[in-house]
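Participant: This is the structure alone, sequence omitted:
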């Protein structure tokens, strides 16, 4: 799977597990994403995929590197998709 495909799957998983905010963005805690069985099976390197999505400005979170346990309560905010 290439990076773009993996980032696309991450978007779907955040939408599945997260909560839609009034502005149309979706938020999920890192711990929920990290501990989800489906995500564990889909993403070999979840943190790397999150970093790739952040670099592409598809989502945001505080900090540079997220670690399981320490950063479980960090919000990952998936930006609302741009409509054409």
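Facilitator: That came through, no problem. Small disclaimer: the values here were computed from a predicted structure and weren't measured.
Participant: Just list what the longest helix along the chain packs against, helices and strands only.
Facilitator: Counting by DSSP state H, the longest helix found in the chain is helix 3-17. Judged by 3 or more C-beta pairs under 8 Å, 6 or more residues apart in numbering; DSSP states H and E, helix 3-17 is in contact with strand 26-29, helix 30-35, helix 37-42, helix 46-55, strand 75-78. Just so you know, the C-beta spots here come from the backbone N, C-alpha and C atoms, and that holds for glycine as well.
Participant: Now stretch 39-57: average pLDDT?
Facilitator: Here stretch 39-57 scores 94 as its mean pLDDT.
Participant: can you list the weak-confidence ranges in this structure?
Facilitator: 1, 82-84 (pLDDT under 70).
Participant: what's near enough to touch the residue lying closest to residue 6 once chain neighbours are set aside?
Facilitator: Leaving out its chain neighbours, the residue that sits closest to residue 6 by C-beta to C-beta, 6 or more residues apart in numbering is residue 49, at 5.1 Å. For residue 49, the contacting residues are 3, 6, 7, 10, 43, by C-beta atoms under 8 Å, 6 or more residues apart in numbering.
Participant: Check residue 72 too.
Facilitator: Here residue 72 is in contact with 29, 30, 31, 34 (criterion: C-beta under 8 Å, 6+ apart).
Participant: sorry, back to before: farthest-apart pair in the contacts of residue 49, please.
Facilitator: 3 and 43 (11.6 Å; C-beta to C-beta).
Participant: Compare the two (neighbour count), which wins?
Facilitator: Set side by side, residue 3 and residue 43 show more neighbours around residue 43, with 20 against 13, by other C-beta atoms under 10 Å.
Participant: ok, the more buried one to residue 53 distance?
Facilitator: Plainly put, residue 43 is 11 Å away from residue 53 if you go by C-beta to C-beta, to the nearest Å.
Participant: who touches both of those two?
Facilitator: residue 10.
Participant: Which among the helices and strands packed on helix 3-17 is found nearest to residue 61?
Facilitator: Closest among the helices and strands packed on helix 3-17, using C-beta to C-beta: strand 75-78, at 4.7 Å.
Participant: Name the residues of the closest one that come out as buried.
Facilitator: 76, 77, 78 (16 or more other C-beta atoms under 10 Å).
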